[in-house]
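Enquirer: below are the sequence and a predicted model; questions follow.
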Amino acid sequence: MKTKIDLDFAKVSPNIDIKPRGLTMSLPHGGLPEAISPYMVQLIRRTGGVNGPLGRQFVAQPDKERRFSKKFMDPLNEDHHEIAPGVVYKYQGKLNPDGSVAHYGRVLWTVTRLCATYCRFCTRGREVGLPPHIKTESTAAIANKFFLSDEEIDHVIQFLKDHKEINEVILSGGDPLTASQSYLTKIIPRLAALQKEGHLDIVRVGSRLPVHNPLAISDWHYELLGQLKNPYLMLHVNHPFELTEETLHVLQNFRRISLASVLSQTVFLKGVNDSVDVLHELFRTLASEGIRPYYLFQNDPVYWAQHFTVPMKRAVKIWGQLRPKLSGVAATARFVIDVPFGYGKVPLPEGACWDADLSHFYDFKGERHELEDL
Ligand code: SF4
């Protein structure tokens, strides 16, 4: 008999209201539990059920998810690049010999492994949603606990002060906005202070909470983000059905009250949004709501989500057909592949405009790699 383990996320984060089915609906190591907010359950029911474009993103398909090996448990090599608690430093800055900044770098700071619903294609399935008693091979700070300790947060703030070649922080997780007000108050105002003191230029906050459960967003979220100088809210949104009245309302509030720039990130997913018409509707709506389409990501090659991957040539073809149909302000997204093994993000060519053979690419350090080596 399989053991059901109570994953009472509400005990650790008051912003989460989800009904997990338990570990039997997780990946083999215990991560990515099937846990869906009541709001999203209702939306899935209204948009085609488990085989609709939202159901496919959030309802577990254990047979497909467990089919492959664990080769790509950490395809983006994030554990390898974690150099302070939760801080992934891949896009590194550089100092000149005289100590001045040659060029700036940016860090991703994963501050929780909780989300308000779990996406079945999540790149960080190796750690998100894991119950606390499960030990993993991941060396990430949040792999074995839900939140960072006060000492770890202090450590990171000092780390950012000490590394003047870092001028940008991307808050991530899990979903940082699912954490409690008291936890985020230990982080966001201190990042705002680093901006004021000249240690940081840009703070981005990555979140899917406005889609997963906009009803969990309160006035304090707007106030807290508003403490940052020119905050960027990076919204993960994949299908126009996710842009409900409730979601658009909170996104407007982030723009109006927090004075945030809201940018969108979309994962290209087979059976969900691999269609010119769907992406056209998504980007058109985002642009008309004042949200700038920013990234369209090729699905990362994590072993549990290979059934979502659109072959690259087909992806480029769809992208090439889509671009000419969009207004210039809706065609602001770049289609990128976050190349496995930590080579960074590489934009894909716009199929209809360039005749590219896709045999090789150059990473963010300018080094050439053959595509067949991946
Ligand atoms: S919201 Fe982001 S971190 Fe959370 S499960 Fe979805 S993709 Fe993963």
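Expert: Now that the structure is in, tell me what you want to look at. Numbers count the residues shown, from 1 in each chain.

Enquirer: ramachandran coordinates for Phe335?
Expert: Here is the backbone geometry of Phe335 (degrees, to the nearest 10): phi -90, psi 110.

Enquirer: that one contacts Ala315, correct?
Expert: Yes. Using CB atoms under 8 Å, Phe335 is in contact with Ala315, at 7.3 Å. Placement of C-beta: from N, CA and C, glycine included.

Enquirer: now list whatever residues contact both of the two.
Expert: By the contact definition CB atoms under 8 Å, 6 or more residues apart in numbering, Phe335 and Ala315 are jointly contacted by Phe268, Gln298, Leu348.

Enquirer: near the ligand, list only the ones from those.
Expert: Near the ligand, judged by CB under 6 Å from any ligand atom, there are no entries from the shared contacts of Phe335 and Ala315.

Enquirer: can you lay out those as JSON lines showing neighbour count, distance to Cys115 and pLDDT?
Expert: Converted to JSON lines, the shared contacts of Phe335 and Ala315 look like this (neighbours: other CB atoms under 10 Å; distance: CB to CB, whole Å; pLDDT from 0 to 100):
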{"residue": "Phe268", "neighbour count": "24", "distance to Cys115": "20", "pLDDT": "95"}
{"residue": "Gln298", "neighbour count": "23", "distance to Cys115": "21", "pLDDT": "89"}
{"residue": "Leu348", "neighbour count": "21", "distance to Cys115": "27", "pLDDT": "71"}
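
Enquirer: those in strands, which ones?
Expert: Under the assignment DSSP state E, the shared contacts of Phe335 and Ala315 contribute Phe268, Gln298 to strands.

Enquirer: distance check, Gln61 against the ligand.
Expert: Using CB to the nearest ligand atom, to the nearest Å, Gln61 is found at 15 Å from the ligand.

Enquirer: just the pLDDT for the residue lying closest to that residue once chain neighbours are set aside.
Expert: In this structure, Gln61 finds its nearest non-sequential neighbour in Arg120, 6.9 Å apart by CB to CB, 6 or more residues apart in numbering. Looking at Arg120, its pLDDT reads 95.

Enquirer: tell me where the stretch 201-350 of the chain has strands.
Expert: For the stretch 201-350 of the chain, the strands defined by DSSP state E, counting those that start in this stretch cover 202-207, 232-236, 261-268, 292-298, 334-339, 344-347.

Enquirer: residue contacts, the closest residue to the ligand within the stretch 251-374 of the chain?
Expert: Residue of the stretch 251-374 of the chain nearest the ligand, by CB to the nearest ligand atom: Val267 (7.5 Å). By CB under 8 Å, 6+ apart, Val267 lies in contact with Cys119, Phe121, His236, Asn238, Leu296, Phe297, Asn299.

Enquirer: wait, what's in contact with the nearest residue to it once chain neighbours are set aside?
Expert: Distances taken as CB to CB, 6+ apart place Phe297 nearest to Val267, at 4.9 Å, with adjacent residues excluded. Counting by CB under 8 Å, 6+ apart, Phe297 touches Gln265, Thr266, Val267, Phe268, Phe335, Val336, Ile337, Asp338.

Enquirer: ok, the residues you listed vs Leu32, which is closest?
Expert: The nearest member of the contacts of Phe297 to Leu32, counting by CB to CB, is Val267 at 14.7 Å.

Enquirer: what's the weakest-modelled helix or strand in this structure?
Expert: Least confident helix or strand, the chain: helix 9-12 with a mean of 62, by mean pLDDT, DSSP states H and E.

Enquirer: circling back: from Arg208, how far off is the residue nearest to Gln61?
Expert: 13 Å (CB to CB, to the nearest Å).

Enquirer: neighbour count for those two, which is higher?
Expert: Neighbour count, other CB atoms under 10 Å: between Arg120 and Arg208, Arg208 has more, with 25 against 21.

Enquirer: my guess is that one meets Cys119, correct?
Expert: Yes. Under the criterion of CB under 8 Å, Arg208 makes contact with Cys119 at 7.3 Å.

Enquirer: now do the shared contacts for the two.
Expert: Common contacts of Arg208 and Cys119 (CB under 8 Å, 6+ apart): His236.

Enquirer: thanks again, I'm all set now.
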